[in-house]
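**Student:** Predicted model and sequence follow; I will ask about them next.
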Amino acid sequence: MKFEEEIVKRETIHEGNITTYQLVDVILPDGREAKREVVLHNGAAAVIAFTDDQKMILVRQYRVSIGKTTLELPAGLRDETDRDGMTTAKREFEEETGLRANDWRFVTSFYSTPGYTDEFLEIYEAQGIQEVQKARKQDEDEFIEVVALDFDEAMDAYSRAELCDAKTVFALFYWQMKRNKETQETND
């Protein structure tokens, strides 16, 4: 079965600082015509950071798109000057938290919502956390509180829907998987 759609026309509706909105005319595999709404995005990186006492570093911030305050992984947009996702992750972690990490590891990458956007997210794990004396400043329009939660506190935040975005929910269940694996290795 053929799944690919032939692009006939792309029309840019709006170019913003973070995203570009397009209407795309396509021909479906069965020959019919359809319209797609597409959001182009430069990509982002997020950090699953653990303190030495196994707490996860999160940021609390208001999200106008959903009208509520959330707990999320430190994350941010990939700049044109970033050579890779790790560069983005390290910069954003320091900007949002005032912290750095000694140990970094790539965890995974994925398209956030391919039904309408090409946003590609890379997730890294960071350990060996330390405060930075002269940390990068947060963006002028960001109001962020840094929070460190143990696993049970994070699960409670999830059950209250305070921890509710896809990347952070992924991180929570990644953490659960790590804990289960460590328990199993200890029992073996």
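**Tutor:** Yep, that arrived.
**Student:** in the lengthiest helix in the chain, what counts as buried?
**Tutor:** For the chain, the longest helix by residue count, based on DSSP state H, is helix 166-187. Neighbour-count burial for helix 166-187, counted by 16 or more other Cβ atoms under 10 Å, picks out 167-168, 170-172, 175. The C-beta positions use only the backbone N, C-alpha and C, and glycine is treated the same way.
**Student:** Mind giving me the packing neighbours of it?
**Tutor:** In terms of contacts (3 or more Cβ pairs under 8 Å, 6 or more residues apart in numbering; DSSP states H and E), helix 166-187 is packed against strand 44-50, strand 56-63, strand 68-72, strand 120-131, helix 151-159.
**Student:** Which strands border the third one, and is each parallel or antiparallel?
**Tutor:** What that stands for is strand 68-72. strand 56-63 (antiparallel) (DSSP bridges).
**Student:** Tell me the buried residues in the strand it pairs with?
**Tutor:** By neighbour count with 16+ other Cβ under 10 Å, strand 56-63 contains the buried residues 56-60.
**Student:** Any idea which helix or strand in the chain has the lowest mean pLDDT?
**Tutor:** One helix or strand of the chain scores below all others by mean pLDDT, DSSP states H and E: helix 166-187, with a mean of 92.
**Student:** Excluding its own residues, what touches that helix? List them.
**Tutor:** Applying Cβ atoms under 8 Å, 6 or more residues apart in numbering, the contact partners of helix 166-187 are 46, 48, 56, 58, 70-73, 75, 107-108, 112, 121, 123, 151, 154-155, 158, 163.
**Student:** What angle do strand 56-63 and that helix make with each other?
**Tutor:** On the basis of axes from the mean of the first three to the mean of the last three Cα atoms, to 10 degrees, helix 166-187 is oriented at 160 degrees to strand 56-63.
**Student:** Relative to the whole chain's centre, how far out is helix 166-187?
**Tutor:** 18 Å (Cα atoms, centre = their mean, to the nearest Å).
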